[in-house]
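**Q** just need the structure, nothing else, for what follows:
(4 chains)
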2 protein chains.
Amino acid sequence: MVSIKDVAAQAGVSVATVSRVLNSHPSVSPDARGRVLAAVDALGYRPNAVARSLRTDQTRTLGLVISDVLNPYFTELARFVEEEARAHGYSVIIGNADERPELQDHHVRTLLDRRIDGLLVSPADGGTPLMLDVARSGTPMVLVDRWIPGLDVPVVRADGRDAIRDLVAHLHGLGHRRLAIIAGPAATTTGNERVEAFREALSAHGLALPDAYIGQGDFQADSGRRATEGFLALPEPPEVVFAADNLMALGALDAIRARGLRVPRDIGLAAFDDIPWFVHTDPPVTAIAQPTGELGRAAVRALVDLIEGRSPRSVTLPARLVVRSSCGEHASNRRSNL
Amino acid sequence: MVSIKDVAAQAGVSVATVSRVLNSHPSVSPDARGRVLAAVDALGYRPNAVARSLRTDQTRTLGLVISDVLNPYFTELARFVEEEARAHGYSVIIGNADERPELQDHHVRTLLDRRIDGLLVSPADGGTPLMLDVARSGTPMVLVDRWIPGLDVPVVRADGRDAIRDLVAHLHGLGHRRLAIIAGPAATTTGNERVEAFREALSAHGLALPDAYIGQGDFQADSGRRATEGFLALPEPPEVVFAADNLMALGALDAIRARGLRVPRDIGLAAFDDIPWFVHTDPPVTAIAQPTGELGRAAVRALVDLIEGRSPRSVTLPARLVVRSSCGEHASNRRSNL
DNA sequence: CTGAAAGCGCTTACAG
DNA sequence: CTGAAAGCGCTTACAG
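**A** Got it, this is the predicted structure:
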């Protein structure tokens, strides 16, 4: 590998001068600059980012630890995060926790060892000891989507409360009364909140949320499958199942189909997180859409603020209900919705 | 940040000794080891990976540049790559090219600047000058999914030829004769090959592939939409459209639905790449499945071989046809397929 | 405007 | 078994 020394030799200047032109420091003579640039070009020199990081104590890199790459919601989030980071001159390294706290911690540790400048995480649970340490250590950190109660760290997330209320109103209007939910892990805020918001919305309509109608999931497809099988085996199964994320909705569809039942004729289905495929599923799935792009961008902006010494505030954006036909339709609405 | 010096001071040994116990070098007295470990623990010391990399000239990091993170096929590939890399003691940094050669090059350059130990890429086109340079420079590199003609670099990919032949036989058996394809970019090998395999399979049945039945796509949804609109506007539209990846199939479904048409009644649809949602689309989509997990694992193994001085060979794995109902069904088959 | 020198945090021959 | 020292490739006061 050609190093700064080679460039200096070729240009007939010191490495200090080479470094200055590379970092566009003002005090370099046009002549020296020209010779350096020519040498860089001739040699195909590229500065060693590792050495530079060691010296400057900054890597211009952000770490992003997401709960599950296979979840299209997080994939999309990751894409926007990278895009915004790039616009600010940062690269991002993604770690996939697969919804497992130990794997999350493994990635956090690796990222810290690499001395990333800041950390973006959607915690896989309520806060491992490591996560608490990191927060206390002063490493710039921002939480996305999910947060850790009691941690004084900026949080960028969507609030699904209103959308869930709209969903329940929609279901109630359709005549459904037995409504069930497949929840995420109780240790995650999104796991809890969605259940609580659902429960409150139900009670506003005088409906209860019995324990049997709360399926315990982990945000992955298999758990949606199992929870749905549980519901279907009940003496009085729910009329509609609300899956707290899109993968559990996929699992629910699997289970319903395996039983030979049809949506929405035999049972309705709705999901948190909207994805392009929901338009083409059989039937199209009613879902709650998050402003994913905005979330990703806001999270990066908050983290960069933190890194550069400013004090960002938490950001909460509204989610919104997208009605399709998976919960049944009003007679008057038939054929009106694509 | 606590450094190796702090640990040495606390343990009452030299930094050399600390380094030795950290790297489990044999010649360290049990006593010294004990004191170092205690100091590491007390101080919460974590070695600085940046400094270590600079010194050892290895980062234990692999770069993975994929064509499009939003494509579930590549997301899955990335997940398996990370898993296998972790098993070999490597981290991976993912770069998303969004099917754009300049963005791909940006990531390759960044990755090289970070001195990753090896590069895994599914090229966004036929080979930018940078890619050719990298290959020639001797940087350990393995191509996945797509490759660059004329480049002497190991390639790990699936061969869809047989599966495409099976698909065409299936379509022919169903009575379809006017078969169209939405191709990927001509500059990609997967873009070309799938068209050529399709054309050959057609000719084996005495069918031609007219230019009007070749839609030019770019592996992303929008292009599938546009190509399908083109097909539907033809005086004699095709009976079946074969999309060369799952995102273009999504676009095709959008276009078909927007026209008020139904699959497979009005037009059939098949796709390269199988994804979980295809089971639940309306109708379930006949697709060609790649052995994604095996591809990801084999690619990492090949790259690690290269890095460690062994000489891996290219790997080609078969893809396979998964018949569902999006192309119509034999009368005898009705109701037999879930 | 320029260069010599120190130093970032490690690892690793070398000498003892 | 252990430590002093060199060096990886940079950047940046400091002096001129």
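
**Q** quick one: check stretch A:23-39 for contact with DNA strand C.
**A** Yes - using C-beta under 7 Å from any atom of the strand, stretch A:23-39 reaches DNA strand C at A:26-29, A:31-32. For glycine as for every other residue, the C-beta is placed from the backbone atoms N, C-alpha and C.

**Q** so which of the residues you listed is the closest to DNA strand D?
**A** For those, the minimum distance to DNA strand D (C-beta to the nearest atom of the strand) is 8.4 Å, reached by A:Ser27.

**Q** now do the contacts for the closest one.
**A** By C-beta atoms under 8 Å, 6 or more residues apart in numbering or on different chains, the residues touching A:Ser27 are A:Arg20.

**Q** and what of A:Val155?
**A** A:142-144, A:147, A:314-316.

**Q** give me the pLDDT for the residue lying closest to A:Pro237 once chain neighbours are set aside.
**A** Leaving out its chain neighbours, the residue that sits closest to A:Pro237 by C-beta to C-beta, 6 or more residues apart in numbering or on different chains is A:Phe231, at 5.4 Å. Note on A:Phe231: pLDDT of 98.

**Q** and A:Phe231, what helix or strand is that in?
**A** helix A:221-232 (DSSP states H and E).

**Q** which helices and strands sit right next to that helix?
**A** Judged by 3 or more C-beta pairs under 8 Å, 6 or more residues apart in numbering or on different chains; DSSP states H and E, helix A:221-232 is in contact with strand A:179-183, strand A:214-216, strand A:240-243, helix A:246-258.

**Q** sheet-wise, list the partners of the shortest one with their directions.
**A** Strands that pair with strand A:214-216, judged by DSSP bridges, come out as strand A:179-183 (parallel).

**Q** and the contacts of the helix or strand where A:His172 lies?
**A** Using DSSP H and E, A:His172 sits in helix A:161-173. Residues outside helix A:161-173 that contact it (C-beta under 8 Å, 6+ apart): A:179, A:193-194, A:197-198, A:200-202, A:204-205, A:207, A:240, A:242, A:268, A:270, A:286, A:288-289, A:318-321, A:323, A:327, A:330.

**Q** can you rerun that using 7 Å?
**A** Surrounding helix A:161-173, the residues in contact under the criterion C-beta atoms under 7 Å, 6 or more residues apart in numbering or on different chains are A:179, A:194, A:197-198, A:201-202, A:205, A:240, A:242, A:270, A:288, A:318-321, A:323, A:327.

**Q** now it: buried residues?
**A** Using 16 or more other C-beta atoms under 10 Å in any protein chain shown as the test for burial, helix A:161-173 gives A:161, A:163-168, A:170-172.

**Q** now stretch A:239-246, how far from the chain's geometric center?
**A** Using C-alpha atoms, centre = their mean, to the nearest Å, the mean C-alpha position of stretch A:239-246 is found 19 Å from that of the whole chain.

**Q** same question for stretch A:107-124.
**A** 15 Å.

**Q** which parts of chain A are strands?
**A** A:61-66, A:91-96, A:118-121, A:141-144, A:155-159, A:179-183, A:214-216, A:240-243, A:268-272, A:286-289, A:315-318, A:320-322 (DSSP state E).

**Q** got the angle for the first one vs strand A:91-96?
**A** Our comparison of strand A:61-66 with strand A:91-96, counting by axes from the mean of the first three to the mean of the last three C-alpha atoms, to 10 degrees, yields an angle of 20 degrees.

**Q** for the record, mean pLDDT for strand A:61-66?
**A** 97.
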